[in-house]
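J.: Sequence first, then the predicted structure:
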Amino acid sequence: MSKISAWSSAWLPFLAGAASASLLWTAIYLKYELYLLGTEIDYDSDDDGEQDSDDEEPQSNVRRKRLMRWPWDKLRNTVIHASTALLHISNDAPDLETERSAKDKTGHPCIGAIFGLDVGGTLTKLVYFEEQIHEYKRTESSYHTGGLMHHRKTEQYHAAASAFQVLQARTDTMKQHDDDSNTDLHRLMHQRIESVPDRLDEFASSYNIINSGNGEALSPTSHDTWVSPGSVDLEEYEFRTFKREASASSGNDYNSPTSTAAAATTTTTATTTTIQQHPDSPTPPIKKSMSLVDIPKSNQHAEALNNFYSFARRLDTYQTAVKEKELSYYSRKLRGQFHFIRFETRHMQNAMNLMRINNFHQNIKEIGATGGGAHKYANEWDKNLGIQMAKQDEMDSLVAGMQFVMSDIVGECYTFKPNDWKEESSSSSSVPTEEPENTMSAAATAAAVNGSLRKTPSQNSIASSDCCDVTTAAGTEQYSDPLPILTEEPKPRIDQWWTSKKVQRDNVMGAHAYPYLLVSIGTGVSILRVDGPRQHERVSGSTIGGGTYWGLCRLLTGSDSFSDVLNLAMKGDPSKVDMMVGDIYGKNSDALEKIGLPSDIVASSFGKLVAKQNPSEDVKEEDLARALLLMVTNNIGQVAHLNARLHNTARIYFVGTFLQHNTISQQRLAHAIDYWSKGEMEAQFLEHEGYFGALGAFLLNHGIEGDVVTGADPHHVRPRSSRGKKRPWIKMHHRSNSMNFTEL
Ligand SMILES: Nc1ncnc2c1ncn2[C@@H]1O[C@H](COP(=O)(O)OP(=O)(O)O)[C@@H](O)[C@H]1O
Ligand SMILES: CC(C)(COP(=O)(O)O)[C@@H](O)C(=O)NCCC(=O)O
């Protein structure tokens, strides 16, 4: 004890002195820190995350401040800027050359294979593919447990799930032109959870689907609740598209991880080794992934992919880009999920910045790309991101993407019919009553997908080629007359079309599908005649397209959102600005009968404004938005109809983002084509209308094309020459709508 007191009396004064000195230093230091912190808040008080101009020549304390900046400050800037996609590439970003050489090194993850890009005049569309591991596991186990029949049944469930989700969500979103509906998302997510393949039976029972287990066709127990795909076509389809690698027959162990990798590297060549599998043949060996898409599976790749997927899942928080969740679908052919994103091309710089700030560019070496912007922006992408655009032809991509979707999704196509339109079939007990467009029930969808809706006799002229299903596609060399003669003259039904209803159409595949006219309404309009898989020609176009409408609307209305403009147009009254035939001739003129024009159709779009003292008097923005929409749409319809006549195509598919959520134009086009063709032609629309280019770029970049895309037997596609006509004039006269007289 005495020893301790002696020790403390000797050391205590020293320890106390040291402690007080350290307290003093700490106080001085803290005061200095607080001073700096105060100055630092002032330093970036505008909170813009940008360095102010006086930073160029910093004072010594400012230099010190910058070193001491709180880490969250930088983080916050990144988050804020990234979330609004307004970030400028910082000067201290990694050197692109270093990144580029890293990408070139073997083994560096390159995830560009999952993308397809379409850079258009107004919008850039991005498609990405998410391979689904669960799916092939399920497929594999279904072979072992339930056999081939069970496998086919599960395929059908899944196809139905995809179709149902897309159709249902789209039907709902069309009620309201809302880009990003959380309600839809919530509902979709709920459905998707239910459709997890591992819980397939619960999923099926939740929709009252009979799972008899004997391979019979699926049938809904209640047509009010579920969509059943046309069972026959799906079963056939299954056998036509089943792929087996050539190496499968050489006894590979498809379950071993090494063979999975080997299989993955050769999957793209599987397109040439399609084997027709008959139901009675022995259970085939199956590889781990049946996806045609070649996505390498190293850990590094998996991590890079996961990074991107989790980013993309959050993408709806970004203002400039929209992820179209209602369009996501599971591809039966490629065994994975497709997702769809778009942003305005004028925000390209921000999009590149966003990729850079999230470091995605480090893992992307090349990307399948199409559209004019794939050429225009190729150098910028290379320079800023080190990403090469693997350019795919715009029209090839469009056709490939469209035909792929039509062979992959049940119920992709639809048209509009006037409300007095009735089904032909008398067995209407199983056919639900259709409801007007925008309220199409699941039941109507179900019947439509089943192909149970029939045309009226006056529509039968095109029914023979229109209502065939995928199964009848291959093997039959029947070419119906594209423009058959009508026995009875259908009456024009102008008024009813304004409340026309959405009617599903079977996806016409194979030889019966051709020829058809494809009208792409993007910024401008391109018109193609399609004669077969990869057999198409751009026959015409029009400068009056979606860009015309949107550009003029920005001038004429105060709106700067396309969906707002569509909402305006819904409320508008075009007769406030359009001059009707009756306005010129008087209401009941006999002369009108002679020239064959009713008095209540438009004689001149916007013509009424000519006669008014003050053109804007009693005219609202919504009237302008509506009249303009009809003007542009009528013009497109007319050009399309004339081209369909010229090129002998009874079916006209209208695609392009101009039509997205744009029921007015779709109804109008359906009416216009029916009216002008006297019922001989039909306008059809597709649920993924704006994304075929991007999807096609993805597919073509993987070499997925031809019969794999279309489901058609190429031997049964009528070659162009078989029509015995060469049409050299097409190239000369119809390629462009904007005449260039000096060249003629
Ligand atoms: N959210 C939107 N923003 C801008 N335009 C839109 C939007 N939604 C639909 N559109 C219409 O779609 C057109 C672009 O269609 P799209 O097929 O993407 O063509 P492109 O490839 O030329 O950009 C626009 O000109 C406009 O009429
Ligand atoms: C030039 C285009 C092919 C570009 O396609 P888009 O981005 O408009 O979808 C298209 O705008 C177009 O075909 N315009 C009409 C040109 C004409 O036929 O006169």
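T.: On my side now, so go ahead. Ligands and ions are numbered 1, 2, ... in the order given.

J.: So stretch 670-689, near ligand 2 or not?
T.: No: between stretch 670-689 and ligand 2, judged by C-beta under 6 Å from any ligand atom, nothing touches; the nearest distance is 11.8 Å. The C-beta positions use only the backbone N, C-alpha and C, and glycine is treated the same way.

J.: Enumerate every residue touching the closest residue to residue 579 other than its chain neighbours.
T.: Nearest residue to residue 579 in three dimensions, chain neighbours excluded: residue 607, at 3.1 Å (C-beta to C-beta, 6 or more residues apart in numbering). By C-beta atoms under 8 Å, 6 or more residues apart in numbering, the contact list for residue 607 reads 578-579, 583.

J.: tell me the pLDDT at residue 607?
T.: We have a pLDDT of 97 for residue 607.

J.: now swap in residue 334 and tell me
T.: 82.

J.: Is it correct that it is in contact with residue 127?
T.: No: using C-beta atoms under 8 Å, residue 334 is not in contact with residue 127; the gap is 11.6 Å.

J.: Tell me which of those two has more neighbours.
T.: More crowded of residue 334 and residue 127, by other C-beta atoms under 10 Å: residue 127, with 27 against 23.

J.: filter the contacts of residue 607 by proximity to ligand 1?
T.: Of these, not one also sits near ligand 1 (C-beta under 6 Å from any ligand atom).

J.: helix/strand/coil for the closest residue to residue 599 other than its chain neighbours?
T.: Ranked by C-beta to C-beta, 6+ apart and with sequence neighbours excluded, the top spatial neighbour of residue 599 is residue 582, at 3.2 Å. Classification of residue 582 by DSSP: H, G, I helix; E, B strand; the rest coil places it in helix.

J.: quick one: residue 582 and residue 597 touch, right?
T.: No: counting by C-beta under 8 Å, residue 582 stays clear of residue 597, with 9.4 Å between them.

J.: As JSON lines, the contacts of residue 607 with pLDDT and neighbour count would be great.
T.: As requested, the contacts of residue 607 are exported to JSON lines (pLDDT from 0 to 100; neighbours: other C-beta atoms under 10 Å):
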{"residue": "578", "pLDDT": "95", "neighbour count": "22"}
{"residue": "579", "pLDDT": "95", "neighbour count": "18"}
{"residue": "583", "pLDDT": "92", "neighbour count": "18"}
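
J.: quick revisit: how far away is the residue nearest to residue 599 from ligand 1?
T.: Distance of residue 582 to ligand 1, computed by C-beta to the nearest ligand atom, to the nearest Å: 31 Å.

J.: can you check residue 512 too?
T.: 27 Å.

J.: Now the phi/psi pair for that residue, please.
T.: phi -60, psi -20 (degrees, to the nearest 10).

J.: In the stretch 551-700 of the chain, mark out all the helices, start to finish.
T.: Along the stretch 551-700 of the chain, the stretches classed as helices by DSSP state H, counting those that start in this stretch are 562-571, 581-585, 590-595, 608-611, 621-646, 663-676, 692-701.

J.: Just the CA atoms of the third one, as PDB, please.
T.: Extracted C-alpha coordinates of helix 590-595, given in PDB (Å, rounded to 0.1, in the frame of the first residue of the first chain):
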ATOM      1  CA  ASP A 590     -78.300  16.000-102.600                       C
ATOM      2  CA  ALA A 591     -74.900  16.800-104.200                       C
ATOM      3  CA  LEU A 592     -73.200  14.900-101.400                       C
ATOM      4  CA  GLU A 593     -74.800  11.600-102.400                       C
ATOM      5  CA  LYS A 594     -73.400  12.000-105.800                       C
ATOM      6  CA  ILE A 595     -69.800  12.500-104.700                       C
END
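
J.: who touches that helix?
T.: 581, 585, 598-599.

J.: quick one: residue 652 and residue 645 touch, right?
T.: No: the criterion here is C-beta under 8 Å, and residue 652 misses it with residue 645 at 10.6 Å.

J.: Phi first, then psi, for residue 117.
T.: Dihedral angles (degrees, to the nearest 10) for residue 117: phi -120, psi 140.

J.: Contacts only, for the closest residue to it other than its chain neighbours.
T.: Distances taken as C-beta to C-beta, 6+ apart put residue 369 closest to residue 117, at 4.2 Å, once the chain neighbours are dropped. Applying C-beta under 8 Å, 6+ apart, we find residue 369 in contact with 116-119, 378, 389-392, 697.

J.: How many neighbouring residues does the residue lying closest to residue 364 once chain neighbours are set aside have?
T.: Take residue 364 and drop its neighbours on the chain: the residue closest to it by C-beta to C-beta, 6+ apart is residue 112, 4.2 Å away. For residue 112, the neighbour count with other C-beta under 10 Å is 22.

J.: how close does residue 112 sit to ligand 1?
T.: 21 Å.

J.: Next: residue 552.
T.: The value you get for residue 552 to ligand 1, if C-beta to the nearest ligand atom is used, is 10 Å.

J.: which of residue 652 and residue 645 has more neighbours?
T.: Neighbours per residue (other C-beta under 10 Å) separate residue 652 from residue 645, with residue 652 holding more: 25 against 15.

J.: Spell out which residues of this structure are next to ligand 1.
T.: So far as C-beta under 6 Å from any ligand atom goes, the chain lies against ligand 1 at 120-123, 344, 371, 522-523, 546-547, 549-550, 562, 656-658, 660, 690.

J.: Just the closest residue of the chain to ligand 1, please.
T.: Minimum separation of the chain from ligand 1 (C-beta to the nearest ligand atom) falls at residue 120, amounting to 1.7 Å.

J.: Name the SS class of residue 307, please.
T.: Residue 307 ends up helix, using three-state DSSP.

J.: which residues does it contact?
T.: 360, 363.

J.: and the residue in the stretch 301-450 of the chain that ligand 2 sits nearest to, what does it touch?
T.: Among all residues of the stretch 301-450 of the chain, residue 372 sits closest to ligand 2, at 5.4 Å; criterion: C-beta to the nearest ligand atom. Contact analysis of residue 372 by C-beta under 8 Å, 6+ apart lists 119-121, 394.

J.: Tell me if residue 341 really is in a strand.
T.: Yes: applying three-state DSSP, one finds residue 341 inside a strand.
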